[in-house]
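> Using only what follows, build the 3D model:
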Amino acid sequence: MDSTTLSDGAASGVAEDIPAESARRQRTRARLLDAAFDVFAEQGVRAASVETIAEAAGFTRGAFYSNFSSKEELFFALMEREKTMRLEQLNTGVAQFLAPLVGPDGAGLDDDDVLQTITHILELQSDDRRWWLVQAEFQLMALRDHTIAADYLRYHDEFFSDLTEIVVAALDSARRRFTIDPEEAVRVIAELCASGEARAVLAGDERTFTERLSESVPAILLALTERV
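I've put the predicted structure just below:
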């Protein structure tokens, strides 16, 4: 066997090991994120310890720190995962319920169609109230701690920028547009959803996200837009 063959074999082995290691790391991070979410929801973000999170995931403290530098970094990773999921759910809803109505070139919709379409899209959104509880606590931490405030604000600004882009494109395909600054309009609607979730938690309201907001959210979006 010549040196070229040995070299090619070694290179091939390294190439195969990298994806395997990456996959293992991704699984480890996912388990830590899942465990952290459960622990945060049960104990609170501030009270939860790194050791408790690692143990709940079935790992050691060292495994935690090989993936996250701090509990705060882990929480931002949780927020990023939640953001990705919700944007994907929104894109799925637009593709499933709006696109067939407007076609590839777009088409105007009457108010009833707009209301019904928004309601259907809301039905796809996650309704895990634990997330709202955990996020509210982390927001309070950010308000009190300037070392994480900037990152928290940056995350939200990026989320609303991405969210606004999707909503504006969807409205454009339906021949509608916001009557105020698009991102401000999206923030108004998002705050309505957040306050609705907070009230539901406080009041023990067992209705689903869609059942509670299927009238107010579509109506406000309709009120903040106009036909083009």
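
> Could you use CA atoms for every contact and neighbour count after this?
Fine.

> what's the spacing between Ser66 and Leu32?
From Ser66 across to Leu32, the span is 11 Å (C-alpha to C-alpha, to the nearest Å).

> need the strands for the chain, in chain order.
With strands called from DSSP state E, the chain shows them at 176-178, 225-227.

> Looks like Ile180 contacts Ala223 (just checking).
No - contact criterion C-alpha atoms under 8 Å: Ile180 and Ala223 do not qualify, at 10.7 Å.

> hmm, back to that, comparing Ser66 and Leu32, which residue is more hemmed in?
In this comparison of Ser66 against Leu32, neighbours counted by other C-alpha atoms under 10 Å, the higher total goes to Leu32 at 25 against 10.

> circling back: and the strands of the chain: which comes nearest Glu215?
strand 225-227 (16.0 Å; C-alpha to C-alpha).

> any residues touching that closest one, and which ones?
Gly108, Arg175, Arg176, Arg177, Phe178, Thr179 (C-alpha atoms under 8 Å, 6 or more residues apart in numbering).

> Next, count neighbours for the closest residue in space to the fifth one that isn't next to it in sequence.
Computed as C-alpha to C-alpha, 6 or more residues apart in numbering, the closest residue to Phe178 that is not its neighbour in sequence is Thr225, at 4.2 Å. The number of residues packed near Thr225 is 16, by other C-alpha under 10 Å.

> just Thr117 next, same as before
So Thr117, with other C-alpha under 10 Å, has 19 neighbours.

> isn't it right up against Ala99?
No - assessed by C-alpha under 8 Å, Thr117 is found out of contact with Ala99, at 10.1 Å.

> any idea how far Thr60 is from the residue nearest to Phe178?
Counting by C-alpha to C-alpha, the gap from Thr225 to Thr60 is 52 Å.

> check contacts around Phe68.
Contacts of Phe68 (C-alpha under 8 Å, 6+ apart): Leu74.

> got it, and the one 4 residues further on?
The neighbours of Glu72, taking C-alpha under 8 Å, 6+ apart as the test, are Ile148.

> Show me the residue at the heart of the chain, geometrically.
Lys83 (1.9 Å; C-alpha atoms, centre = their mean).
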